[in-house]
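A.B. asks: I would like the atomic coordinates for the input below:
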Amino acid sequence: MIRTIMPETNYIKIGSRIIGNDQPTFIVAEIGINHNGDLDIARQLIDIAVSAGCDAVKFQKRSPDVCVPPQQKCLQRETPWGVMSYIDYRHRVEFGRVEYGEIDRYCKKKKIPWLASCWDIESIDFMDAYSLPAYKVASACLTDEALLYYLKKKNKPVVLSTGMSSMSQIRRAVGFFEEEKLLILHTTSSYQFNPGEINLRVIDAFRREFRCPIGYSGHEIGFAVTLAAVALGAVIIERHITLDRSMWGSDHSISLDPPQLRQMVRDIRIIEKAMGDGVKQIYESERRASAKLRNCKAV
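C.D. replies: Okay, the predicted model is just below:
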């Protein structure tokens, strides 16, 4: 599969997979916090990603006391575990050393790499124990220069999401990293599906400006837009996944359920083959049609 619509860019390796123009799309199943603090749900989501043919799974790691703004900590929230403060809720769903130790073991058993979005420096240090093949910068952290500088020192590939960011902010963030260690994801950080705000042509704008692999992280309902992103040249795709879109939690409604995930992965692989090499030719199947149709005389 050759993506001739894309100019030459750097290649990056995550786990055993090379990501770049002429490589299969690298598909990341974003589990995030859709495990709802339940390790069994996390394992089920890993199984779903493996079964669908995804290339990696991703989680989110925060230090709630650092990441939750002071004005939000005491706000009350209704949860499946009763009404509690927002800071207590964040602690309730945050995995610790025991849970991530099991996730690391389970992903190795299932032979799928896992990544994490680290929202603070303490979380980066936490994840060092697992020798992750790459780190993810969430859109919310793109302007956190101390975090970016700290990640740069890890000397590992970095996946940078660009939602709610201006081009000047994105350029500044990109400047922290060597482009041969960077992947950039176009995304719109809105949980209200508005096709007019997705702006897929940004993928091409990024491709023209940055000499690194460009991808797409989607929050839309369904996956038609994601398939279009692949056709436009996105070499890495990230989508949230869930056991059931009706589950409680902020990300479930914009996630893909198991049948949707399987269909999306299948359709991406079809698109890769359909893109071809850009060289116009006559296929053998067309020769048979030509012999039949072009020899017909108009009536």
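A.B. asks: Grab the most central residue of this structure for me.
C.D. replies: Residue closest to the mean C-alpha point of the chain, counted by CA atoms, centre = their mean, is E238 at 2.1 Å.
A.B. asks: Which strands border the host helix or strand of that residue, and is each parallel or antiparallel?
C.D. replies: Per DSSP states H and E: E238 is located in strand 236-240. Strand 236-240 has the following sheet partners, assigned by DSSP bridges: strand 26-32 (parallel), strand 214-218 (parallel).
A.B. asks: and the helix or strand following the first one, what does it pack onto?
C.D. replies: Okay, so that is strand 26-32. Next helix or strand after strand 26-32 toward the C-terminus (DSSP H and E): helix 39-52. Helices and strands touching helix 39-52, by 3 or more CB pairs under 8 Å, 6 or more residues apart in numbering; DSSP states H and E, are strand 26-32, strand 56-61, helix 97-110, helix 258-275. In this view, the C-beta of every residue, glycine as well, is placed from N, C-alpha and C.
A.B. asks: Okay, buried residues for helix 39-52 please.
C.D. replies: The neighbour-count check on helix 39-52 (16 or more other CB atoms under 10 Å) flags 41-43, 45-46, 48-50, 52 as buried.
A.B. asks: How far away from the center of its chain is that helix?
C.D. replies: Distance of helix 39-52 from the chain centroid (CA atoms, centre = their mean, to the nearest Å) equals 16 Å.
A.B. asks: neighbours of G222, just the number please.
C.D. replies: 14 (other CB atoms under 10 Å).
A.B. asks: Can you read off the pLDDT for the residue nearest to the centre of the chain?
C.D. replies: In this model, E238 is scored at 98, pLDDT.
A.B. asks: right, and it touches T226 too?
C.D. replies: No - the pair E238 / T226 is not scored as a contact, 9.3 Å apart, by CB atoms under 8 Å.
A.B. asks: shared neighbours of these two, which are they?
C.D. replies: Residues touching both E238 and T226 (CB atoms under 8 Å, 6 or more residues apart in numbering): 216, 218.
A.B. asks: Who are the contact partners of P195?
C.D. replies: If you count contacts by CB under 8 Å, 6+ apart, then P195 has 220, 225 around it.
A.B. asks: measure it to V83 for me?
C.D. replies: According to CB to CB, to the nearest Å, P195 stands 36 Å off from V83.
A.B. asks: With C118 instead?
C.D. replies: For C118, the distance to V83 - CB to CB - is 30 Å.
A.B. asks: What of A42?
C.D. replies: 25 Å.
A.B. asks: Equivalent analysis for S290, please.
C.D. replies: For S290 relative to V83 (CB to CB), the value is 71 Å.
A.B. asks: Out of the strands paired with strand 236-240, the one nearest R77 is which?
C.D. replies: With CB to CB as the criterion, R77 lies closest to strand 26-32 of the strands paired with strand 236-240, at 17.8 Å.
A.B. asks: now could you export just the CA positions of stretch 234-250 as PDB?
C.D. replies: Extracted as PDB, the C-alpha positions of stretch 234-250 are listed here (Å, rounded to 0.1, in the frame of the first residue of the first chain):
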ATOM      1  CA  ALA A 234      -3.600  10.100   7.900                       C
ATOM      2  CA  VAL A 235      -1.100   7.400   8.800                       C
ATOM      3  CA  ILE A 236      -2.100   7.000  12.400                       C
ATOM      4  CA  ILE A 237      -5.700   6.900  13.700                       C
ATOM      5  CA  GLU A 238      -6.900   7.200  17.300                       C
ATOM      6  CA  ARG A 239     -10.500   6.500  18.400                       C
ATOM      7  CA  HIS A 240     -12.100   6.000  21.800                       C
ATOM      8  CA  ILE A 241     -13.600   2.600  22.400                       C
ATOM      9  CA  THR A 242     -16.200   1.400  24.800                       C
ATOM     10  CA  LEU A 243     -18.100  -1.800  25.800                       C
ATOM     11  CA  ASP A 244     -21.400   0.100  25.400                       C
ATOM     12  CA  ARG A 245     -22.000   3.700  24.300                       C
ATOM     13  CA  SER A 246     -24.800   4.100  26.900                       C
ATOM     14  CA  MET A 247     -22.400   3.400  29.800                       C
ATOM     15  CA  TRP A 248     -21.900   6.200  32.400                       C
ATOM     16  CA  GLY A 249     -19.000   8.400  31.800                       C
ATOM     17  CA  SER A 250     -17.900  11.500  29.800                       C
END
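A.B. asks: With that, I have no additional questions.
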